[in-house]
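# Fold the following, please.
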Amino acid sequence: MTRLITYNVHRCVGMDRKLDLDRVAGVIAEFEPDIVCLQELDVGRARTGGVDQAAEIAGKLAMSVHFHPAMRVEAELYGDAILTHLPEQLVKTDALPSVAGIPGLEPRGALWTRIGVAGQWVNVLNTHLGLVPREQRRQATALVGRDWLGRRDCTGPTILTGDFNATSITRPYRILAGRLDDAQRRLGLKPSVKTFPSSFPAIRIDHAFVSPEIRVTQVRSSFSPLARMASDHLPLILDFEVEPSGD
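Alright, predicted model coming up:
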């Protein structure tokens, strides 16, 4: 069994408005994951003490890390990361499309690694979509298109995960679920595992989408007092196995 956690860490600022990177790392470490996909990380930003949050969390978990800055403000970076202790190789990082004419939209991006699981390479993609439905539709369409999931070498076991800011009744969700299976729906979970807001999780906007080669064994979250305080999201925890290759 392999365990993946996707977690929007809210730049390690908790519901009590305190910056506490150790608290976030503790929430993750409790579940001993093999792969961690993080969103909303600050790297070198004055507002969070100039710390490289991606590297610091990876160090505390004894994992390698790939970080993609979706947003750059001079030398300050903000974005997403994939961490693992398994063999890995970075495939791609890039921006996702936005829409013009709407003030205040943050740049968004995605990153794609291959991670060695049970002797096979698993494509792991991590993203954080925007807040505006038209923007989300463009970004979801890009992710299923020829530069990401539709790329020739994106074959075999694949997981797309992150904070999509979209519930399961929205069009961006349907675009993604048309390409890969929602891990929770694969298991038929009722009620579904919701992760936002962390103080009273009522909305399902953090998702894990999986290809047929991924056998999902469990999807859950953490409802500990620590997790409820560490970020405005709870972590989404996916346990899976990779179906043996026919080669």
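# what comes up buried for stretch 231-247?
By 16 or more other C-beta atoms under 10 Å, the buried positions in stretch 231-247 come out as Ser231, Asp232, His233, Leu234, Pro235, Leu236, Ile237, Leu238, Asp239, Phe240, Val242. Every C-beta, even on glycine, is put in place using the N, C-alpha and C of the backbone.
# Same check on stretch 178-196?
Arg179, Leu180, Asp181, Asp182, Ala183, Gln184, Arg185, Arg186, Val193, Lys194, Thr195, Phe196.
# What distance do you get for the residue nearest the centre of the chain to Val24?
Note on the chain: the residue nearest the mean C-alpha position is Gly162, at 2.7 Å, using C-alpha atoms, centre = their mean. Gly162 is 16 Å from Val24, where distance means C-beta to C-beta, to the nearest Å.
# before we move on, what about Asp232?
Applying C-beta to C-beta, the value for Asp232 to Val24 is 12 Å.
# and if you look at Asp52?
14 Å.
# helix, strand or coil for the closest residue to Leu90 other than its chain neighbours?
Leaving out its chain neighbours, the residue that sits closest to Leu90 by C-beta to C-beta, 6 or more residues apart in numbering is His66, at 5.0 Å. Secondary structure, DSSP: H, G, I helix; E, B strand; the rest coil: His66 is strand.
# Please give me every residue in contact with His66.
Ala81, Ile82, Glu88, Leu90, Thr93, Leu111, Thr113 (C-beta atoms under 8 Å, 6 or more residues apart in numbering).
# Which strand residues bridge it?
Ile82 (DSSP bridges).
# what does Asp42 give?
Under the criterion DSSP bridges, Asp42 forms beta bridges with Tyr78.
# That one and Tyr78: what is the separation?
Distance from Asp42 to Tyr78, by C-beta to C-beta: 6 Å.
# Spit out the residues that contact those two alike.
Arg11.
# Pull the number of nearby residues for Gly49.
Look at Gly49: counted by other C-beta atoms under 10 Å, it has 12 neighbours.
# Check the contact between it and Leu19; I expect there is one.
Yes. Between Gly49 and Leu19 there is a contact under C-beta atoms under 8 Å: 7.0 Å.
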